[in-house]
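Engineer: what follows is a predicted structure for the sequence shown.
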Amino acid sequence: MKSSIKKLQNILKLEGERGYDNRAVMGGFNRLLDNWENEARSEGVPEALIEAISQKLRRYSSLDVPSRREVLLHIRDLLEKASNGSPLDLPLPPPPAPVTDESLAVVAPPVPKVETQGRRPRPAPTAVAEGLAALNASVTVLPQVGPARARALGRLGLRTLRDLLYYFPRRYVDYSQLKPINRLWYGEEVTVIGTVRDVSVRPVRGGQMQLIEAVLSDGSGALRLTWFNQQEPARRLRPGMQIAVAGKIDQYMGRLVMNSPEWELLDQQQLNTNRIVPVYSLTAQITQRWLRRQINQVVTYWAPRLADYLPETIRRNADLIDLGTALLQMHFPDSWEQLQAARHRLAFDEIFFLQLGMLRQKRAWQESRARVFDTPAEWLEAVLQGLPFPLTNAQQRALADVRHDLASGRPMNRLLQGDVGSGKTVVAAMAIAMVTRLGAQAALMAPTSILAEQHYQSMLRLLAGKPRLLPPQAIRLLVGSTSEAEKREIRQGLSDGSIKLVIGTHALIEDPVTFADLQLAIVDEQHRFGVEQRAALRAKGDNPHLLVMTATPIPRSLALTIYGDLDLSIIDEMPPGRQPVSTYVLTPRERERAYRLIRNQIAAGRQAFIIYPLIEENEKSESKAAVEEYNRLQEEVFPDLSLGLLHGRLRPDEKDEVMERFRRGEHHILVSTSVVEVGVDVPNATVMLIEGANRFGLAQLHQFRGRVGRGGDQAYCLLIPDSSDEVENERLRVMAETNDGFVLAERDLEQRGPGEFLGTRQSGYSELQLANLTDIHLIEKARRQAHWLFEQDPDLQRPAHKLLASALERFWSGGKGDIS
Ligand code: ADP
Ligand code: MG
C-alpha cells in the first residue's frame, strides 16, 4: 500500500482516538496537507482523490466535533476504496462529549424574566451568603445543581463557586452580529431575531433520528432552521414565539438554512445568541447551554461584589482592569477588546504571584545559614594549575561566583548557564573540590544514566587524577542499573562519610540514601528535572549549597523571570580551538548529498547522527515511523554500514546499550528520534543530520548541533526541512550564520516566543492557565510590579495587602509547591 495513504489512515485513527481535537498532527491538518499532497502525488495517488481529501481536510479546523467525525469517516471510506477495498482496522470512536446543547435534555425550572436586549446580564438571584469565604461554598448551593450534576461538575474539577468563576471558556464564538434575514450571506456566523412560523418534527433514517424543522421570519425574509435529535426545540418551540437564533448560515437546495443553531426566547437573558458566546469544555451530563447559565449566575452575582486583591497603585501602574470586570469579561465578553483586557489582567496576576512567591523563596534562603567554605587563593591556584587546560575567562568568572557563594555563610542557589561544550563540568568539579577539601560531601544528579556515567568519568579525571584531590574510591556512581550489592556499599559509604562524591540519576533521590554531611548538591541539565526533584536532592542535606546547570541558553530577561529565585552565572565563551560546526540547510532533493557526506566521513573513520522529528504527538506511531526510516536507511542507503536506533519506546537499559555501542564505535550511524536525549559525548561523531528541521526551535537545533564537533575535527550539521515554506527555511538559515547559542535563543524568543525555553515541568510555569509566556512585555511588567511591592511590604503585612496575601496563599497552595 502507498505510504502516503497508510500514513493518513494512521493519522485519522489517531485523531479519532484523541477525540477530534485536530492535534493528531502538530499544527493541525492544514499543516500536514502541503507535504501530504506532494507525497501522495509523487506516489501516483489519483489527483481526484488528493483533491477530494484535501478539500475536506482544509475545513476541518473550523468544524465542530460531530462534523469532524463525519469528515473523517468519509475520508476513511475514500481511502479504503482507493486501497482496493482491503479491510482496514480503523474504527473511529464516537465524539467524546455531548457537544450540542440539546443532546441531553435539561429540565429547566422557570427562568426569571430578565430584560430582553441588554448585553450586560443583571445579577441573578442566588442563595449564596455574602463574603469572600462564600466562594468556597460547594456548587450545590446553586438552585440547579443537585448531587448528580455536582458529580458531573466534579469531573471537570469544579467543586466550589470559585472553581466556576475561574473555569474559563475554551474558546468563543462571535454571534454578536445581528442581521436581518434578507442580508444574510452563506457561511457567516450571525444572530437572527424573528418569529417562529412553523414547527415540524419528523422521523428520519428509518426512525432512528428525529428532524426538527422550523421557519423563522423577520419581515425581511424567512430562514429555515433544523435540529437533529434535540428535545428542547421540539418540546418548546411554538409558532408565534419570538426567538433569537445564532449559528452559521448554510445552504440547502439553493436556500439559506441554519443547522443546529443556538437559540433562546427573546424575552430571556441572552447567553447563547446575540453576543460573543463562551464555549466551555464539557463532560457527560453537562451541556453548553446549562453550564453557561450556571456560570453566568455565579459570575454576574459575584464579579461586582469581589474586592480586588491587587492594590490600586499596581493596577494603575500596570494599566490593568479590575478583577470583577476581568472575570465577567472572560466569560461573557462585551467585545474582543474587553476580552483581551480581561485576559491580560488575569495573566498578569499569574505571573505576579509566581514572582512574589519566588522573591519570598529567595529571601528565605538568603536569610538561612549554611556552612562556610572559605577557599584559600593559593590552594585554588595550585589546583587550577593542575588542570589539563587553563580556564576561559567566562569559566573563571563563574568559578569566582561559586567560590564567593560557598564562603558567604548563606546557601548558594546558583544557576550556571552555558552553551553546550562551554565547559560547565570543570566549574562543577572545582565547586566539589572546595567542599570536599574540608571533608564534606557532594552529590551530582544528571537526567540519564549515560550522562551520569560520563560525569563520573570526568570527575575521576579531574578530581582523582593529578593533583589527587580525592581518592578514586571516594567517588562513586549510583544509577538504576547499579547492582543491589554495590548500592548497599554506596549507601554505607555515604552514611559513614567515607564516600565524598556520589554521581547519579533520579536513583539518588529515589534510593533511601542518607548522607553523613551533604553540603553541595549539583543538578545537571536542570530543565529535565522538576522543582520537586531539585528540592528532594537538597533535602538530603541540611541546607546544602545548590548549583544547577543548564545548556539551554535563555535570554537574560527571561532567565531572571523563570529562575527568579536563583542567582545567575553565564559562561558565554567557548574554550579556544573549537572549530565552528559547518552548517548547511539542504532541500529534500539534496538528501543524496547529505548521505554522500556521511559516507565520506565514515570512510575517514568518523560517525554520524541522524535525527527524526516528533511528527505525530504519539510516541507509538512516532517510534514506528523511526523504525521504518531506520529500516529504509539500513536496507537501501547504507546496507554495508552498522546503524543503531534509538526511540522513545525503548526501555532505559536498551537505550543505554544502543548509546554505549555507538560510543564504542560499533555503530557508524545513530538514528534517533528527537524524543531521545542524545546528550552524550561522542567526540568521534562529526555529522549531525536533522530531518524535518523546520519543526524545531533554533535553540533546540543548536542543542543537537552541540553533539558534534567535540573532538578536534571539522564537524557538519545538515538541516533538511520537510516544508517548502520560504519563511520557515529562512529561519533555519540563521543556524548556518551563527554558532552562538545566545544569538539563536534571542531569535527564537522573537520568532516563537519563550515557550521554547520552558520544559513542561519548569518551575511553576506549567501550572499557568492564561499566561503562556509569549508576552515578554507582560512578564516584564509583572516582574517589575512584584519587585516594587516586595520592597514596600515583603510579608504583605499592611492592611491594604491583606487580600493579596490570602490570594497569594491560594495561588501557591494550588499545587504549585515549593520552588527551591
Ligand atoms: P558542557 O558545558 O556542555 O557540560 P563540558 O564541561 O562537557 O561542556 O566541556 C566540553 C569539553 O570541553 C570537555 O571535553 C572539556 O574537557 C573541554 N573543556 C572545558 N573547558 C575547557 C577549557 N577551558 N579549555 C579547553 N577545553 C575545555
Ligand atoms: Mg554538560
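Structural biologist: Looks like it arrived, so ask away. Ligands and ions are numbered 1, 2, ... in the order given.
Engineer: could you use CA atoms for every contact and neighbour count after this?
Structural biologist: OK.
Engineer: first-to-last residue distance for stretch 276-296?
Structural biologist: Using CA to CA, to the nearest Å, one end of stretch 276-296 lies 13 Å from the other.
Engineer: can you mark which positions in it are buried?
Structural biologist: Using 16 or more other CA atoms under 10 Å as the test for burial, stretch 276-296 gives 276-283, 285-296.
Engineer: which of those residues fall in strands?
Structural biologist: 276, 277, 278, 279 (DSSP state E).
Engineer: which helix or strand lies directly C-terminal to the lowest-mean-pLDDT helix or strand in the chain?
Structural biologist: When each helix and strand of the chain is scored by mean pLDDT, DSSP states H and E, helix 556-562 comes last, with a mean of 67. With elements assigned by DSSP states H and E, the helix or strand that comes after helix 556-562 is strand 567-571.
Engineer: show me what the following helix or strand past that following strand is packed against.
Structural biologist: Next helix or strand after strand 567-571 toward the C-terminus (DSSP H and E): strand 582-585. Contacts defined by 3 or more CA pairs under 8 Å, 6 or more residues apart in numbering; DSSP states H and E place strand 582-585 against strand 716-720, helix 726-737.
Engineer: give the contact list for residue 58.
Structural biologist: 29, 30, 33 (CA atoms under 8 Å, 6 or more residues apart in numbering).
Engineer: tell me the spacing between the first one and residue 47.
Structural biologist: Looking back up the chat, that one is residue 29. Relative to residue 47, and taking CA to CA, residue 29 is found at 19 Å.
Engineer: what's the answer for the second one, then?
Structural biologist: As defined by CA to CA, residue 30 lies at a distance of 18 Å from residue 47.
Engineer: all strands of the stretch 401-550 of the chain, in order?
Structural biologist: Along the stretch 401-550 of the chain, counting by DSSP state E, counting those that start in this stretch, strands occupy 413-418, 441-445, 475-478, 501-504, 518-523, 545-550.
Engineer: for the residue of the stretch 201-350 of the chain found nearest ligand 1, which three-state class applies?
Structural biologist: Nearest residue of the stretch 201-350 of the chain to ligand 1: residue 350, at 33.0 Å (CA to the nearest ligand atom). When classified by DSSP: H, G, I helix; E, B strand; the rest coil, residue 350 comes out as helix.
Engineer: can you give me the neighbour number for it?
Structural biologist: Close neighbours of residue 350, defined as other CA atoms under 10 Å, add up to 20.
Engineer: show the pLDDT at it.
Structural biologist: At residue 350 the predicted local confidence, pLDDT, stands at 86.
Engineer: repeat that for residue 395.
Structural biologist: The per-residue confidence score, pLDDT, reads 97 for residue 395.
Engineer: low-confidence regions, the stretch 651-800 of the chain specifically.
Structural biologist: Counting by pLDDT under 70, the stretch 651-800 of the chain contains low-confidence residues at 675-680, 752-776.
Engineer: spell out which residues of it are next to ligand 1.
Structural biologist: Within the stretch 651-800 of the chain, no position lies close to ligand 1 (CA under 6 Å from any ligand atom).
Engineer: pLDDT check: weakest of the contacts of residue 58?
Structural biologist: Within these, residue 30 has the lowest pLDDT, namely 74.
Engineer: what sits against that residue?
Structural biologist: With contacts defined as CA under 8 Å, 6+ apart, the neighbours of residue 30 are 57, 58.
Engineer: change it to 7 Å
Structural biologist: If you count contacts by CA atoms under 7 Å, 6 or more residues apart in numbering, residue 30 has them with residue 58.
Engineer: which of the three states applies to it?
Structural biologist: When the structure is reduced to helix, strand and coil (three-state DSSP), residue 30 reads as helix.
Engineer: so that it lines up with my notes, have the first residue be 110 from now on.
Structural biologist: Sounds good: first residue 110 from here, last item residue 139.
Engineer: just to revisit the earlier point, any idea which of the helices and strands packed on strand 691-694 is most buried?
Structural biologist: The highest mean neighbour count among the helices and strands packed on strand 691-694, using mean count of other CA atoms under 10 Å, belongs to strand 825-829: a mean of 26.
Engineer: what is the strand or helix carrying residue 447 packed up against?
Structural biologist: Element membership for residue 447 (DSSP H and E) is helix 445-476. Under the contact criterion of 3 or more CA pairs under 7 Å, 6 or more residues apart in numbering; DSSP states H and E, helix 445-476 touches helix 432-440, helix 885-901.
Engineer: restricting to C-alpha, output the last one in PDB.
Structural biologist: C-alpha atoms of helix 885-901 as PDB (Å, rounded to 0.1, in the frame of the first residue of the first chain):
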ATOM      1  CA  ILE A 885       7.500  39.100  27.200                       C
ATOM      2  CA  HIS A 886       6.200  42.600  28.000                       C
ATOM      3  CA  LEU A 887       3.600  41.300  30.300                       C
ATOM      4  CA  ILE A 888       6.200  39.200  32.100                       C
ATOM      5  CA  GLU A 889       8.500  42.200  32.500                       C
ATOM      6  CA  LYS A 890       5.600  44.300  33.700                       C
ATOM      7  CA  ALA A 891       4.500  41.700  36.300                       C
ATOM      8  CA  ARG A 892       8.100  41.200  37.400                       C
ATOM      9  CA  ARG A 893       8.600  45.000  37.900                       C
ATOM     10  CA  GLN A 894       5.500  45.300  39.900                       C
ATOM     11  CA  ALA A 895       6.300  42.300  42.100                       C
ATOM     12  CA  HIS A 896       9.700  43.700  42.900                       C
ATOM     13  CA  TRP A 897       8.200  47.100  43.700                       C
ATOM     14  CA  LEU A 898       5.700  45.600  46.000                       C
ATOM     15  CA  PHE A 899       8.200  43.300  47.600                       C
ATOM     16  CA  GLU A 900      10.400  46.200  48.500                       C
ATOM     17  CA  GLN A 901       7.500  48.000  50.200                       C
END
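Engineer: give me the buried positions along that helix.
Structural biologist: Buried residues in helix 885-901, counted by 16+ other CA under 10 Å: 885, 887, 888, 889, 890, 891, 892, 894, 895, 898, 899.
Engineer: and for stretch 345-355?
Structural biologist: Of the residues in stretch 345-355, 346, 347, 350, 351, 352, 353, 354, 355 count as buried by neighbour count, 16+ other CA under 10 Å.
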